[in-house]
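Novice: no sequence on this one, just coordinates:
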């Protein structure tokens, strides 16, 4: 019985890790291509998450978690960006950093500030893996 619980927790963690990766990819696409929130959520949920695309298998992701991170970053971006900018070097402000790293930093900052159900060490570890 303990083994089943541990296995279920590991599956949830893997699905959340996949959701984080998908969220960073979605945020990157929004930043680069100017894709809107509703369009990006629909696209990722129907065409990418848990599917094989161009020979690459995308892992099943916790869809609600994916939506929360992407929507949360978009909703809170005006407060997240100054928060992230404060911890960066003055010579490397957020606007100067590559778009993919901006997506990683914004998603991580959103989770740290708005997802109290996720331990900070998990958030940091997961986004280091994504980066």
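Specialist: Arrived safely. In this text the structure is predicted, and so the values were computed from the model without any measurement. Residues are numbered from 1 along each chain as shown.

Novice: In terms of secondary structure, what does the one helix or strand residue 110 maps to contact?
Specialist: Assigned by DSSP states H and E, residue 110 belongs to helix 99-114. Here helix 99-114 touches helix 2-33, helix 63-87, helix 120-130, going by 3 or more CB pairs under 8 Å, 6 or more residues apart in numbering; DSSP states H and E. Heads up, the C-betas are built off the backbone N, CA and C, glycines and all.

Novice: low-confidence ranges in the protein?
Specialist: 1-13, 49-59 (pLDDT under 70).

Novice: For the helix holding residue 110, which residues meet the burial criterion?
Specialist: 100, 102-112, 114 (16 or more other CB atoms under 10 Å).

Novice: now swap in stretch 74-88 and tell me
Specialist: 74, 76, 80-81, 83-84.

Novice: Same list (the residues you listed) but as CSV, adding distance to residue 29.
Specialist: CSV is the format used below for the buried residues of stretch 74-88 (distance: CB to CB, whole Å):
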residue, distance to residue 29
74, 12
76, 19
80, 18
81, 18
83, 23
84, 19
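
Novice: Quick one: neighbours of residue 95, just the number.
Specialist: Burial measure for residue 95: 8 neighbouring residues, criterion other CB atoms under 10 Å.

Novice: Shouldn't residue 116 be within a strand?
Specialist: No: under DSSP: H, G, I helix; E, B strand; the rest coil, residue 116 falls outside any strand and is assigned coil.

Novice: residue contacts, the residue nearest to residue 127 when sequence neighbours are not counted?
Specialist: Counting by CB to CB, 6 or more residues apart in numbering, residue 108 is the residue found nearest to residue 127 once chain neighbours are left out, at 4.1 Å. Taking CB atoms under 8 Å, 6 or more residues apart in numbering, we find residue 108 in contact with 123-124, 127.
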